[in-house]
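Visitor: The following comprises the amino acid sequence and a computationally predicted model.
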Amino acid sequence: MHQFEINRLAEIEIFGIDASFTNSSLFMVLGVALITGFFALAMNGRSLVPTRMQSVAELCYEFVANMVRENVGQAGMKYFPFVFTLFTYILVMNLLGMIPYSFTVTSHIIVTFALAALVFVVVTAIGFARHGLGYLKLFVPEGVPIWLMPLIVPIELISYLIRPISLSVRLFANMMAGHTMLKVFAGFVVSLGIFGFAPLLFTVAFTGLEFVVAFLQAFIFAVLTCIYLNDAVNMHH
Amino acid sequence: MDPTAAKFIGAGLACFALIGAGIGIGNIFGNYLSGALRNPSAAPGQFTNLLIGFALAEATGLFGLLIALIILFS
């Protein structure tokens, strides 16, 4: 489909690897510039009584900070910048994709998989750094009879290793399926002629729902990152 | 059977996984709502759990969709 196509805007090749600047990269740069610009502008005054822009920025901060505090606890606030970056990045990418004729970066599985793999590597590294080899106890739940261990440990191991896949597929499939559905129903509007108003109404309603999904998926990605961090930082199972 | 036809049938069958996701998500939201109506004051505290359950239930269905996409486009 046209909206998911990647076009090379500038051909760059580094040591035989295709590292061209594509429309995907363009929207990533645009998104990061938007986030940085917004927060730089909003926090410019830094007044005690916040201006409108500053209260939006503080709202974003409080929202993610509360999420980290609730799920990971005070020890997790060290990793707040990581979660906040992930959340704002995914949110802005999803919302940018909702603008007609723009490109949804998160509708490509390689992008979401890179993000999820980063989360996986970071969480595993934090776990081993804080608990050493004791982190492997995560796969051996307490209070399980010994004869169940040969069954439980592989299941825990698989559910741990499948995390990056489920995290990336969820975001990718939601964004891609939503945009495809809008496209398919928009096609019905013309082909149905006089009855085209019914799919048109559906498309309008579904666009609203897509905005909710765009926010929800960013939120879920951040919450699950917090939960994985909680495993690594506190090790309650 | 024509291999292309078999491919499309297979992709369609793989989408059956989404039935389970639909049942699961409906269950989670329905139970959350009935719990929230019984004890509205406890509802906001469980909102994060609701979304986590929703995300986990959805992920299993989306694996099936992913298989369908792999069959169709590779």
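Guide: That came through fine. Numbers count the residues shown, from 1 in each chain, chains lettered A, B, ... in the order given.
Visitor: Show me which residues of chain B sit near chain A.
Guide: Residues of chain B lying close to chain A (CB under 8 Å from any CB of the partner chain) are B:48, B:51-52, B:54-56, B:58-59, B:62-63, B:65-66. In this view, the C-beta of every residue, glycine as well, is placed from N, C-alpha and C.
Visitor: List just the nearest of those to residue A:13.
Guide: Among these, residue B:66 lies closest to residue A:13 (CB to CB), at 31.0 Å.
Visitor: Need the residues of chain B next to chain A in JSON lines (columns: pLDDT and distance to residue B:30).
Guide: Converted to JSON lines, those look like this (pLDDT from 0 to 100; distance: CB to CB, whole Å):
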{"residue": "B:48", "pLDDT": "81", "distance to residue B:30": "18"}
{"residue": "B:51", "pLDDT": "83", "distance to residue B:30": "15"}
{"residue": "B:52", "pLDDT": "82", "distance to residue B:30": "17"}
{"residue": "B:54", "pLDDT": "86", "distance to residue B:30": "12"}
{"residue": "B:55", "pLDDT": "82", "distance to residue B:30": "17"}
{"residue": "B:56", "pLDDT": "83", "distance to residue B:30": "16"}
{"residue": "B:58", "pLDDT": "84", "distance to residue B:30": "15"}
{"residue": "B:59", "pLDDT": "81", "distance to residue B:30": "19"}
{"residue": "B:62", "pLDDT": "84", "distance to residue B:30": "20"}
{"residue": "B:63", "pLDDT": "84", "distance to residue B:30": "23"}
{"residue": "B:65", "pLDDT": "85", "distance to residue B:30": "23"}
{"residue": "B:66", "pLDDT": "84", "distance to residue B:30": "26"}
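Visitor: Neighbour count added to those residues, as CSV?
Guide: Output for the residues of chain B next to chain A, formatted as CSV (neighbours: other CB atoms under 10 Å in any protein chain shown):
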residue, neighbour count
B:48, 18
B:51, 17
B:52, 17
B:54, 18
B:55, 23
B:56, 15
B:58, 22
B:59, 21
B:62, 22
B:63, 19
B:65, 20
B:66, 18
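Visitor: for the longest helix along chain A, the distance to its chain's centre please.
Guide: Identified as the longest helix of chain A according to DSSP state H is helix A:197-234. Distance, stretch centre to chain centre, for helix A:197-234: 9 Å (CA atoms, centre = their mean, to the nearest Å).
Visitor: Mind listing what's buried along it?
Guide: For helix A:197-234, burial by neighbour count (16 or more other CB atoms under 10 Å in any protein chain shown) applies to A:199-200, A:202-203, A:206, A:210, A:213-214, A:216-233.
Visitor: which helices and strands sit right next to it?
Guide: Contact here means 3 or more CB pairs under 8 Å, 6 or more residues apart in numbering or on different chains; DSSP states H and E; on that basis helix A:197-234 packs against helix A:52-72, helix A:80-97, helix A:109-131, helix A:163-191, helix B:47-73.
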